[in-house]
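Q: return a 3D structure for these sequence lines:
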Amino acid sequence: MNAKFSVSLFWDARVMDAKTKESRVMLTINLKGEKQFRISLKERCTKKDFESAINTRSKQTKELRNALNDYVEKAEVIIEKMSTPSKELFLKHFKSEFDYVTSDKTSVHVTFRMRYEELQFEKRYGTAHRLKAVYNSLLRYKAFLSRIVIDKDEPVETLIDKVELSFEEIDAQFLKSYKAYMIDKGRTETTCGIYLGHLRSFYNYSVERGIIPAKDKKLHPFAKLKISNKVKSKSVLYPAEIKKLWSYKTNGVREERAKAIWFALYFMNGMNWKDLIHLRWKNIKADTLTFVRLKTKDTALSTKEISMHLNDEVKQIIAVHGNKDKAPEAFIFPFLSNCKDSKHMETTQFRNRRVLNKKLAEIGRNLGFDVHLCLNLARHSFATTLKLNGTPVAAISDCMGHTTVNTTMHYMKSLPTEHLKQISNSLLSFNDDNKPAMLVAV
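A: Now for the predicted structure:
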């Protein structure tokens with residue numbers, strides 16, 4: 001018997017039926033370093049039949065004996081597959097329908113469900129949604145390889161029932177082909193990089209949890225795979241376009257609100273939409289607003305506060321579109337005021353962003369903008385405007401709450417041609433007479 005664990009059968013007399021004398025059969029699991037626990041099986045029998053099944057070769061209890069042996073074998077195989085077995089991991093895999101006894105593979109489905117449920121429990125709904133989208137794509141690729149016909153809009157929940165996927169299949173060649181499949185389906189290099197990055201995180205999570213053994217770095221399936229970190233050049237509004245948007249006469253309440261929220265984000269250090277709608281009145285002291293980004297609140301080792309000055313324009317936007325309830329815990333903007341729980345907040349956040357972006361897109365078309373006007377452009381435009389004004393990148397990074405200036409650089413659009421010309425002309429500032437230099441070939 002493996003010293004790391006032991007598995008035994010147990011007949012539970014505590015819940016015996018008084019008439020039939022039958023009771024449930026349980027597995028007793030002992031894992032090294034963990035407290036013993038038991039799990040109920042589907043089998044019910046009398047104590048006499050239980051003892052006959054496990055201690056004799058009686059034909060009368062052959063069916064029961066085979067069923068119990070199958071349960072024990074499944075439990076042992078699952079634990080042996082895990083590099084660091086635990087009660088939580090064991091229960092997740094044991095309750096699944098995957099045939100661990102006859103298969104030498106480790107199902108990915110069980111781990112996906114576990115990770116997805118964890119993210120939901122941690123209220124990280126956005127991350128859970130992205131993981132689900134990546135897994136949907138991965139299962140579609142496996143269905144393509146296996147020539148399994150699936151519906152175009154089929155969800156992950158039904159794909160799992162149709163498509164088998166194991167961790168042993170995910171090697172360097174599998175990932176390389178998966179990337180080629182995504183490119184063939186019209187995905188960009190950037191999107192492929194994002195999907196493969198999420199998949200790598202999920203794979204590493206599975207290793208850390210002991211679901212699959214850690215591999216030598218050279219043998220890690222992602223070791224030689226080039227995951228693009230190329231960031232698509234961000235669309236942005238330059239000062240002249242921002243001026244046009246500022247002067248735009250809105251048509252109706254919805255356009256007015258969309259424009260106001262865009263400028264609130266722009267004036268408030270290019271704030272993220274999710275951070276904006278979670279702001280509360282207690283975050284404001286006099287003319288200063290201080291907050292911690294939701295994106296890093298639960299992940300950063302040290303919580304970084306961002307402070308900013310509220311100019312008169314922002315104060316006016318808050319006065320018109322802000323919450324009338326001024327209680328310290330009330331939201332500054334009332335988008336989430338009637339939400340019952342965090343999941344309701346998440347869906348409300350997405351819905352309101354979609355509505356605002358729809359109106360902003362209409363405004364952008366009315367103004368003849370080449371770029372698609374949306375809330376995200378406020379953040380990119382803020383960073384680029386400061387860059388054009390000569391603000392050091394480190395200062396811009398601090399305003400935006402980034403941990404590295406490299407992240408900030410992704411938000412800053414390249415300088416426009418007119419500005420490059422100004423920079424070029426400024427190189428002649430030493431020449432007061434503005435006379436062309438005489439260059440002599442040598």
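Q: now tell me which helix or strand of this structure has the poorest mean pLDDT.
A: helix 417-426 (a mean of 52; mean pLDDT, DSSP states H and E).
Q: list the residues that contact the residue most central in space within the chain.
A: Closest residue to the average C-alpha location of the chain: Thr127 at 2.1 Å, with Cα atoms, centre = their mean. The neighbours of Thr127, taking Cβ atoms under 8 Å, 6 or more residues apart in numbering as the test, are Leu119. (C-beta placed from N, C-alpha, C; glycine too.)
Q: on the three-state scheme, it is what?
A: helix (DSSP: H, G, I helix; E, B strand; the rest coil).
Q: how far away is it from Thr347?
A: To Thr347, Thr127 is 15 Å away according to Cβ to Cβ, to the nearest Å.
Q: number of residues surrounding Tyr238?
A: Residues near Tyr238, counting by other Cβ atoms under 10 Å, number 17.
Q: phi, psi for it please.
A: In terms of degrees, to the nearest 10, the main-chain angles of Tyr238 are phi -80, psi 170.
Q: now it: how far from Pro155?
A: 42 Å.
Q: now swap in Lys176 and tell me
A: Distance, Lys176 to Pro155, by Cβ to Cβ: 27 Å.
Q: and for Ser206?
A: 22 Å.
Q: tell me the secondary structure at Asn323.
A: State at Asn323, reduced to three classes by three-state DSSP: coil.
Q: now do the contacts for it.
A: Listed by Cβ under 8 Å, 6+ apart, the contact partners of Asn323 are Trp281, Ala330, Phe331, Ile332, Phe333, Pro334, Ser337.
Q: next one: Leu138
A: Leu138 touches Leu165, Tyr178, Leu199, counting by Cβ under 8 Å, 6+ apart.
Q: pull out the buried residues from stretch 146-162.
A: Residues of stretch 146-162 classed as buried by neighbour count (16 or more other Cβ atoms under 10 Å): Val156, Leu159, Ile160.
Q: got it, and stretch 56-68?
A: So stretch 56-68, judged by 16+ other Cβ under 10 Å, has buried residues Thr61, Leu64, Arg65, Leu68.
Q: just how off-centre is it within its chain?
A: Put simply, stretch 56-68 sits 49 Å off its chain's centre (Cα atoms, centre = their mean, to the nearest Å).
Q: now do the end-to-end distance for it.
A: End-to-end span of stretch 56-68 (Cα to Cα, to the nearest Å): 13 Å.
Q: over to stretch 23-39?
A: 14 Å.
Q: buried stuff in it?
A: Buried positions in stretch 23-39, judged by neighbour count with 16+ other Cβ under 10 Å: Ser23, Arg24, Val25, Met26, Leu27, Ile29, Leu31, Ile39.
Q: distance of Ile396 relative to Ile242?
A: 16 Å.
Q: between those two, which is the more surrounded one?
A: Ile396 (24 against 20).
Q: quick revisit: and the buried residues of stretch 56-68, which of them are in helices?
A: Counting by DSSP state H, the buried residues of stretch 56-68 place Leu64, Arg65, Leu68 in helices.
Q: the residue nearest to the centre of the chain and Gln120: what is the separation?
A: 10 Å.
Q: next one: Gly270
A: Counting by Cβ to Cβ, the gap from Gly270 to Gln120 is 30 Å.
Q: same thing with Asn136?
A: 16 Å.
Q: got it, and Ala223?
A: As for Ala223, its distance to Gln120 is 31 Å (criterion: Cβ to Cβ).
Q: now, the most widely separated pair of the buried residues of stretch 23-39?
A: Comparing every pair within the buried residues of stretch 23-39 by Cβ to Cβ identifies Ser23 and Leu31 as the most remote, at 25.1 Å.
Q: so where's the stretch 51-200 of the chain shaky on pLDDT?
A: For the stretch 51-200 of the chain, the stretches flagged by pLDDT under 70 are 83, 96-104.
Q: and the strands in it?
A: Using DSSP state E, counting those that start in this stretch, no strands are found in the stretch 51-200 of the chain.
Q: how about the helices of it, start to end?
A: 62-81, 87-94, 108-121, 125-145, 156-162, 172-184, 189-208 (DSSP state H, counting those that start in this stretch).
Q: out of the ones you listed, nearest to Phe10?
A: When those are compared by Cβ to Cβ, helix 62-81 sits nearest Phe10, at 10.7 Å.
Q: give me the contacts around that closest one.
A: For helix 62-81, contacts defined as Cβ under 8 Å, 6+ apart pick out 2, 4-5, 7-9, 25, 27, 29, 31, 41, 43, 45, 49-50, 53-54, 58, 85, 90, 93-94, 100-101, 106.
Q: contact partners for the residue nearest to Ser307 when sequence neighbours are not counted?
A: Nearest residue to Ser307 in three dimensions, chain neighbours excluded: Thr290, at 4.6 Å (Cβ to Cβ, 6 or more residues apart in numbering). Residues near Thr290 by Cβ under 8 Å, 6+ apart: Asn283, Glu305, Ile306, Ser307, Met308.
Q: which one's more surrounded, Ala223 and Gln120?
A: Each of Ala223 and Gln120 has its neighbours counted (other Cβ under 10 Å); Gln120 has more, 14 against 11.
Q: quick one: contacts for the more buried one?
A: If a contact means Cβ under 8 Å, 6+ apart, then Gln120 has Ala128, Lys343 as its contacts.
Q: so Arg254 sits right up against Asn352, yeah?
A: No: counting by Cβ atoms under 8 Å, Arg254 does not reach Asn352; the two are 11.1 Å apart.
Q: which of the two has more neighbours?
A: Asn352 (18 against 14).
Q: doesn't Ile261 make contact with that one?
A: No: counting by Cβ under 8 Å, Asn352 does not reach Ile261; the two are 9.1 Å apart.
Q: separation between Lys343 and Glu117?
A: Applying Cβ to Cβ, the value for Lys343 to Glu117 is 13 Å.
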